[in-house]
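Chemist: I would like the atomic coordinates for the input below:
(2 chains)
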Amino acid sequence: MEKTISIDTVYVPSEEVVARQVGGEFVLVPISAGVGDFEDAVFTLNEEGKAIWDRMDGKRTLREIALDLGTEYDTPIEEIQRDVIGFTEELFRRRILHQIPRQE
Amino acid sequence: MNKDFISVQPISSFNAWEAMRKRRRLFSFTLELSARCNLNCRHCYLNVPENDLAAQDAELSFQEITALVDESSSLGALWALVTGGEPLLRHDFFDIYMYLKRKGMVISVFTNATLFTKEHVHLFTRYPPRDLDITVYGATKDTYERITRKSGSFEAFKEGIALLLENNIKFNLKAMALRSNIQELPQITALCREYSKAPFRFDPFLHLRFDRDHLRNQEIRNERLTPQEIGTLETLDSTRHTALKKECRRLQAQYPQERDCDHLFRCGTGRGSLAIGYDGWCRMCLSLCHPECIFDLRNHSLTDVWEGCIPQALTKRVQNQALLAQCRNCTFRYLCSWCPAQSYLEAGELDSLIPYLCDAAGKRSQSIMKDIPLPVSL
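Modeler: Numbering: from 1, shown residues only, chains lettered A, B, ... in the order given. Here you go, the predicted structure:
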């Protein structure tokens, strides 16, 4: 199920994943079968990954998330956009993120 | 931006475990849902009949359990072991299991597999536990039911296993090595290896009962294998033999740092995990039920217990000089199952010598440690 990530689309965390702080790490724990591609693994996000994740609120597109991050990081906006898309691809492929219609 | 946004970590080697252990953070807990069991195994340290009303009344309610899970989660716990008695006897097992899942807990379940229904299969298919551990008591009806003392239990066990196999649910099989099934242990091993690809293991060390029931404790003693038999069984199991030898080498390397320590608790108890008893008593580990090491969660918060009561208990020192003198210099110590919990169950004190365990360590070492050099300081 290869699907291209669109920068003008809204992505949200799956309800089948629990995001938690554990031992100083930000951890995503898949709770149901087929979510996350490893049966026996958790996912940890670094600070920047968490910054993207926290902005996936069901309202903002990836472009808006990248713009917002651009105000915090001293990185060219094109590079931030590529990073946000790459991050989303990784988690979408593992069904940790879903695409939803934009809510006006 | 640091581009390593995501890392995938196997749970057993999760980065944070070691850091949490060093900082004494709670990372796992045992949740004992009930002391009741539908079987009546001869060797069991806990079980009471499934219709025991007093035990049922003492059980934590669903609301109490969810509050404790919330608190465990706030303390950082990531891993929950659900056990009993037989945990599937709880009518609210599904709700408790899903509550743990929705809190982001990695779950292990210990069960006898005799109560599985299609609903359990559906639950475990959609929301798999990390581990589903099932104990096998015998490979034939006669042996299985000699131990469980429940007619029809072998058939129920086989049906439970069949349900799991039909639905491709992963599970681990393990056995207790007992007087009542030792003659069948090769067949039990073969059966386990046929049904499950996970490594098979057996445990020959039987705990005495938490309720200190004399008659039941005598039954448990009667089920114990001799130290010689335990040593022989381990020699015959080449996988276990190799793993034990490797672990002995690892532990020997730690020996110089431990030699002069007189702390009572030199295991990991109370350092990263705890056990929540079915009746709301918190234990530092599943087996430790000494009155000074258990804490009433109906009168203390779990946070108070974890941050106050348990650290206090961990300061206990060995008072029995004979134990210090004998164990500190014992060359079999790496193969010894002695611990304060066992000591209390056997002798009513936390620091008593247990001759059976000394003998067992000696016999096990004859094969396992024979080509491992002794520490230089001995």
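Chemist: tell me which residues of stretch B:196-214 are tucked away?
Modeler: Along stretch B:196-214, the positions that meet the burial threshold by neighbour count (16 or more other Cβ atoms under 10 Å in any protein chain shown) are B:196, B:198, B:200-202, B:204, B:206-210. For glycine as for every other residue, the C-beta is placed from the backbone atoms N, C-alpha and C.
Chemist: Check stretch A:34-46 too.
Modeler: Neighbour-count burial for stretch A:34-46, with 16+ other Cβ under 10 Å as criterion, is recorded at A:35-36, A:41-46.
Chemist: Could you tell me the end-to-end distance of that stretch?
Modeler: Between the start and the finish of stretch A:34-46 there is a gap of 23 Å, counting by Cα to Cα, to the nearest Å.
Chemist: Using PDB, write out every CA atom in stretch B:177-193.
Modeler: C-alpha atoms of stretch B:177-193 as PDB (Å, rounded to 0.1, in the frame of the first residue of the first chain):
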ATOM      1  CA  ALA B 177       9.700 -30.300  37.000                       C
ATOM      2  CA  LEU B 178       8.000 -32.300  39.800                       C
ATOM      3  CA  ARG B 179       8.100 -35.700  41.400                       C
ATOM      4  CA  SER B 180       4.700 -36.300  39.900                       C
ATOM      5  CA  ASN B 181       5.800 -35.600  36.300                       C
ATOM      6  CA  ILE B 182       9.600 -36.300  36.200                       C
ATOM      7  CA  GLN B 183       9.000 -39.600  34.400                       C
ATOM      8  CA  GLU B 184       7.200 -37.700  31.700                       C
ATOM      9  CA  LEU B 185       9.500 -34.700  31.400                       C
ATOM     10  CA  PRO B 186      11.000 -35.900  28.000                       C
ATOM     11  CA  GLN B 187       7.500 -36.200  26.500                       C
ATOM     12  CA  ILE B 188       6.500 -32.800  28.000                       C
ATOM     13  CA  THR B 189       9.600 -31.300  26.500                       C
ATOM     14  CA  ALA B 190       8.800 -32.800  23.100                       C
ATOM     15  CA  LEU B 191       5.100 -31.700  23.300                       C
ATOM     16  CA  CYS B 192       6.200 -28.100  24.100                       C
ATOM     17  CA  ARG B 193       8.700 -28.000  21.200                       C
END
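Chemist: Return the helix or strand in chain A with minimum mean pLDDT.
Modeler: strand A:41-45 (a mean of 91; mean pLDDT, DSSP states H and E).
Chemist: Which elements pack onto that strand?
Modeler: Here strand A:41-45 is seen to pack against strand A:25-30, strand B:6-10 when contacts are counted using 3 or more Cβ pairs under 8 Å, 6 or more residues apart in numbering or on different chains; DSSP states H and E.
Chemist: how big is the angle separating the last one from strand A:25-30?
Modeler: For strand B:6-10 against strand A:25-30, the angle by axes from the mean of the first three to the mean of the last three Cα atoms, to 10 degrees is 70 degrees.
Chemist: mind exporting the helix or strand following strand B:6-10 as CSV, just the C-alpha atoms?
Modeler: Downstream of strand B:6-10, the first helix or strand assigned by DSSP states H and E is helix B:16-22. Output for helix B:16-22, consisting of C-alpha atoms alone and laid out as CSV, is shown next (Å, rounded to 0.1, in the frame of the first residue of the first chain):
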residue,chain,number,x,y,z
ALA,B,16,15.9,3.3,28.9
TRP,B,17,16.0,0.1,30.9
GLU,B,18,19.5,0.4,32.1
ALA,B,19,19.2,4.2,32.8
MET,B,20,16.0,3.5,34.7
ARG,B,21,17.6,0.8,36.8
LYS,B,22,20.5,3.0,37.7
